[in-house]
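>>> quick one, what's the 3D model for this:
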Amino acid sequence: MNSSLPISSSKPHYEILDGLRGVAAIMVVFFHVFEVFSNGDHTKQIINHGYLAVDFFFMLSGYVISYAYDNCWGQMTLKDFFVRRLIRLQPMIIIGSLVGTTLFYFQQTEGLGWSGISTTPVWKLLLVMVIGMTVIPVGKGLDIRGWNEMHPLNGPAWSLFYEYIANIFYALILRKISKVVLGVLVLISAGFTLYYAFTNSNGDMIGGWSIDDANQLRIGFTRLAFPFLMGILLARTIQLKLTKNAFFTTSILLITIFAVPRLGGSDGHWQNALYECFVLMILFPVIILLGAGGKIVNKKTNQFCKWLGDISYPIYITHFPLAYTYYAWVANGKHTLADSQSWIFGLLTVAISIIMAYVYMRWYDVPVRKWLAKKFQ
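Below is the predicted model of the structure:
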């Protein structure tokens with residue numbers, strides 16, 4: 001997920017936040033690629049809390065959208081805002097659906113529950129692809145992979161569904177409310193987050209990718225509400241002065257947060273719930289504020305942050321079809337994490353995901369968005 005400043009904006013750009021978005025996106029790739037070795041038990045996953053990157057993206061999105069657009073509504077209509085957001089997000093969603101369709105067509109696997117993968121007619125596959133390009137969720141009738149995903153060809157697209165909902169609420173309601181009202185909404189959403197974290201059967205914040213399960217929808221909106229609202233509140237109320245080495249400090253902190261093993265094991269749910277709530281409500285806001293308050297003086301570091309920011313959204317929205325393919329390779333070969341080939345091909349999958357994200361960004365996303373902006377803005 002990504003947010004950009006209005007084209008005409010003269011506001012300073014947050015290079016460090018761009019870099020952090022890229023760091024989080026790459027950690028998501030590691031999280032997903034090595035997910036297959038948990039044998040279905042996410043409490044044993046490597047990069048165990050990598051799924052919290054989605055919550056970080058939601059908070060970062062709220063912060064950057066508020067910073068970029070709050071003062072632009074005198075010169076910008078609702079149509080202008082939605083056109084900008086569609087141009088920013090939609091081209092890569094289309095590519096993600098195309099990549100997912102292509103790899104799905106050639107995938108064969110055993111033992112992963114992909115019961116419909118070899119019997120799906122081409123017309124149905126193409127229908128799911130076209131719907132996926134719109135980010136409209138599909139139900140059980142079109143769940144061609146069998147994992148109960150709202151986007152079975154490209155799993156992470158579920159978060160873009162919520163991102164669009166957040167953008168709509170911002171444009172229609174949130175941009176108009178006072179800081180006091182916004183603070184109250186943040187507290188209410190924090191209450192829902194705490195309640196869910198400490199009462200669900202797993203003690204974590206994972207989930208939200210299905211529309212067939214009412215509980216999954218509840219998880220999705222719970223995960224969206226607090227971080228997005230908090231991001232807006234931070235942008236409107238708190239500014240930190242220049243902090244030294246902000247990119248290095250915040251990057252290490254973010255990587256550590258995602259890599260921390262499951263707390264309490266499979267049975268200690270409250271320990272993990274406490275950790276994730278602390279991360280979401282304390283550490284993520286601190287990281288964003290440190291990143292926004294920092295400044296990069298080294299040219300190479302600045303270029304690196306820009307590169308990370310440029311590939312962050314492309315890699316997030318296109319890597320999972322490659323992860324599906326890697327899952328199938330592991331399952332068909334019955335490899336384990338102890339096999340050196342599994343590590344090698346897992347790391348190769350991560351590398352290919354990054355390379356392809358750069359290709360999509362450089363030769364598709366940037367040119368297409370420039371053309372669309374020139375035509376419609």
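>>> for residue 255, give me its contacts.
By C-beta atoms under 8 Å, 6 or more residues apart in numbering, the contact set of residue 255 is 23, 27. The way it works is simple: take the backbone N, C-alpha and C, and place the C-beta from them, glycine included.
>>> element containing it, please.
helix 246-259 (DSSP states H and E).
>>> starting at the chain centroid, how far to that helix?
17 Å (C-alpha atoms, centre = their mean, to the nearest Å).
>>> so where's the protein shaky on pLDDT?
For the chain, residues meeting the criterion pLDDT under 70 lie at 1-10, 108-111, 113-116, 118, 334, 337.
>>> following the biggest helix by length in it, which helix or strand shows up next?
Longest helix of the chain, by residue count under DSSP state H: helix 299-333. Scanning forward in sequence from helix 299-333 by DSSP H and E, the next helix or strand is helix 340-360.
>>> export only the CA atoms of that next one, formatted as PDB.
Taking Å, rounded to 0.1, in the frame of the first residue of the first chain, the C-alpha atoms of helix 340-360 are listed here in PDB:
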ATOM      1  CA  SER A 340      19.400 -26.600   1.900                       C
ATOM      2  CA  GLN A 341      17.500 -26.400  -1.400                       C
ATOM      3  CA  SER A 342      14.500 -25.100   0.400                       C
ATOM      4  CA  TRP A 343      16.500 -22.200   1.800                       C
ATOM      5  CA  ILE A 344      18.200 -21.500  -1.500                       C
ATOM      6  CA  PHE A 345      14.900 -21.500  -3.500                       C
ATOM      7  CA  GLY A 346      13.100 -19.500  -0.800                       C
ATOM      8  CA  LEU A 347      15.700 -16.800  -0.900                       C
ATOM      9  CA  LEU A 348      15.700 -16.900  -4.700                       C
ATOM     10  CA  THR A 349      11.900 -16.400  -4.600                       C
ATOM     11  CA  VAL A 350      12.500 -13.300  -2.400                       C
ATOM     12  CA  ALA A 351      15.100 -12.000  -4.800                       C
ATOM     13  CA  ILE A 352      12.900 -12.600  -7.900                       C
ATOM     14  CA  SER A 353      10.000 -10.900  -6.100                       C
ATOM     15  CA  ILE A 354      12.200  -7.800  -5.600                       C
ATOM     16  CA  ILE A 355      13.600  -7.800  -9.100                       C
ATOM     17  CA  MET A 356      10.200  -8.200 -10.700                       C
ATOM     18  CA  ALA A 357       8.800  -5.400  -8.500                       C
ATOM     19  CA  TYR A 358      11.400  -3.100  -9.800                       C
ATOM     20  CA  VAL A 359      10.600  -4.100 -13.400                       C
ATOM     21  CA  TYR A 360       6.900  -3.500 -12.900                       C
END
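>>> for it, packing partners?
Applying 3 or more C-beta pairs under 8 Å, 6 or more residues apart in numbering; DSSP states H and E, one finds that helix 340-360 contacts helix 15-33, helix 299-333.
>>> nearest to residue 100, of those helices?
helix 299-333 (4.2 Å; C-beta to C-beta).
>>> for the closest one, buried residues please.
301-302, 304-306, 308-331 (16 or more other C-beta atoms under 10 Å).
>>> phi and psi next, for residue 294.
phi -90, psi 170 (degrees, to the nearest 10).
>>> report how many residues lie close to the closest residue to it other than its chain neighbours.
Counting by C-beta to C-beta, 6 or more residues apart in numbering, residue 246 is the residue found nearest to residue 294 once chain neighbours are left out, at 2.4 Å. Neighbourhood size, residue 246 [other C-beta atoms under 10 Å]: 23.
>>> how deep is residue 50 tucked in, by neighbour count?
The number of residues packed near residue 50 is 23, by other C-beta under 10 Å.
>>> dump the residue contacts of it.
Neighbour list for residue 50: 27-28, 30-32, 258 [criterion: C-beta under 8 Å, 6+ apart].
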